[in-house]
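Participant: return a 3D structure for these sequence lines:
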Amino acid sequence: MSKEFTCSIKSISFDENYSPSDNTRLTTNFANLARGESRQENLRKTLTMMNNRFNSLAHWDNPQADRYSIELEIISVDLDIEGNGENFPAIEILKTNIVDHKNNQRLAGMVGNSFSSYVRDYDFSVVLPEHNKNQTKLSTPENFGDLHGKLFQYFVNSEAYKANFNKAPVICLSVSSSKTYHRTANQHPVLGVEYQQNEFSPTDQYFAKMGLTVRYFMPANSVAPLAFYFSGDLVDDYTDLELISAISTMETFQKIYRPEIYNANSAAGLVYQPSLKYQDYSLTQIVYDREERSQLAVKQGKFTEEQFIKPYQKILAQWAKSYTTKQNAA
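Facilitator: Predicted structure coming up:
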């Protein structure tokens with residue numbers, strides 16, 4: 001049996017009054033928006049965009065396009081490796097809640113959505129550059145992402161997760177600018193038109209080690225497909241409103257962060273290759289510092305190396321070697 005780590009979950013509302021906590025990852029989408037002079041206006045406009053998009057997709061029995069609004073919770077996951085009360089902030093995800101104003105109900109939305117992880121920063125901003133230093137052909141080291149993938153699955157199978165959430169997470173991200181996507185004939189009433197690609201991206205491979213498979217869909221009135229990472233069945237395991245909560249939340253973030261792809265002035269065609277060099281796009285009225293985010297990823301990767309990887313290296317290596325998902329689920 002592998003060693004048991006303690007998972008603990010904290011929640012904070014993401015609203016116009018949100019301020020990042022001291023131990024949140026500053027590269028996180030929501031933290032970047034919540035700093036500086038425009039922070040409150042940024043947050044207010046972001047939430048308005050999400051609500052408008054939600055109502056445009058949930059258009060049935062919604063003639064004024066104002067039936068629903070969504071509330072967001074930032075879920076932070078701490079890991080106690082040695083059982084001594086010393087916690088490391090391992091993972092952050094986003095939980096949506098749906099408010100139905102017509103029926104005066106509050107419904108559970110999707111859990112997952114955005115995904116951030118200090119260990120992922122370490123893998124991509126420390127391990128990968130070091131491995132490819134002075135190399136002419138880029139590659140990934142052996143066992144790249146193994147520890148991170150097992151830590152994520154450990155969390156999803158933990159009692160802490162099961163006590164707080166009744167469905168597996170769905171992570172919704174941008175498609176890869178290094179791959180080409182082909183439109184299929186398959187169309188879902190909420191997710192939209194499905195796209196496929198011939199080769200997995202490094203992100204796809206990394207998320208596969210987290211136990212997640214990927215499908216790509218472009219919802220109605222979107223201009224580019226989104227990548228949905230999930231376990232189980234994306235179409236059958238979630239309600240239409242749960243799927244809409246993920247789309248409206250994450251498409252809004254992508255319009256802000258990657259306007260070249262998700263706020264382009266023309267939609268993806270039958271064959272589509274995303275590009276951050278595309279010039280024909282519109283900007284939102286929301287201030288975002290993309291350069292700062294990439295710099296912080298390196299800084300936080302090194303922080304993870306010093307505060308988590310090196311101090312617990314032996315324990316983590318032994319745990320990862322003996323850990324299996326079946327064992328954890330049991």
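
Participant: what about the helices in the chain?
Facilitator: 29-33, 39-57, 118-122, 128-131, 146-156, 159-164, 202-208, 240-257, 259-262, 290-304, 313-322, 325-329 (DSSP state H).

Participant: show residues contacting stretch 5-13.
Facilitator: Contacts made with stretch 5-13 from outside it, assessed by CB atoms under 8 Å, 6 or more residues apart in numbering, are listed as 18, 21, 71-81, 83, 87, 95, 154-155, 158-161, 164, 319. For the C-beta atoms, the positions are set from N, CA and C on the backbone; glycine is no exception.

Participant: and that stretch, which residues are buried?
Facilitator: Going by neighbour count (16 or more other CB atoms under 10 Å), the buried part of stretch 5-13 is 5, 6, 7, 9, 12.

Participant: how far away is the first one from residue 91?
Facilitator: Think residue 5. Using CB to CB, to the nearest Å, residue 5 is found at 12 Å from residue 91.

Participant: now swap in the last one and tell me
Facilitator: From residue 12 across to residue 91, the span is 14 Å (CB to CB).

Participant: just to revisit the earlier point, okay if I get the helices of the chain as TSV plus mean pLDDT?
Facilitator: Output for the helices of the chain, formatted as TSV (pLDDT from 0 to 100):
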stretch	mean pLDDT
helix 29-33	53
helix 39-57	89
helix 118-122	93
helix 128-131	91
helix 146-156	95
helix 159-164	94
helix 202-208	92
helix 240-257	95
helix 259-262	94
helix 290-304	77
helix 313-322	93
helix 325-329	49
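
Participant: want to throw those into JSON lines with distance to residue 109 and mean neighbour count?
Facilitator: JSON lines is the format used below for the helices of the chain (distance: least, CB to CB, whole Å; neighbours: other CB atoms under 10 Å):
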{"stretch": "helix 29-33", "distance to residue 109": "16", "mean neighbour count": "23"}
{"stretch": "helix 39-57", "distance to residue 109": "9", "mean neighbour count": "19"}
{"stretch": "helix 118-122", "distance to residue 109": "24", "mean neighbour count": "23"}
{"stretch": "helix 128-131", "distance to residue 109": "33", "mean neighbour count": "13"}
{"stretch": "helix 146-156", "distance to residue 109": "18", "mean neighbour count": "21"}
{"stretch": "helix 159-164", "distance to residue 109": "14", "mean neighbour count": "12"}
{"stretch": "helix 202-208", "distance to residue 109": "21", "mean neighbour count": "18"}
{"stretch": "helix 240-257", "distance to residue 109": "3", "mean neighbour count": "24"}
{"stretch": "helix 259-262", "distance to residue 109": "20", "mean neighbour count": "21"}
{"stretch": "helix 290-304", "distance to residue 109": "25", "mean neighbour count": "16"}
{"stretch": "helix 313-322", "distance to residue 109": "33", "mean neighbour count": "13"}
{"stretch": "helix 325-329", "distance to residue 109": "25", "mean neighbour count": "12"}
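
Participant: tell me which of those helices sits nearest to residue 112.
Facilitator: Distances from residue 112 to each of these were compared using CB to CB; the minimum, 7.3 Å, belongs to helix 240-257.

Participant: packing partners of the closest one?
Facilitator: helix 29-33, helix 39-57, strand 68-80, strand 87-100, strand 105-117, strand 170-174, strand 226-230, helix 259-262 (3 or more CB pairs under 8 Å, 6 or more residues apart in numbering; DSSP states H and E).
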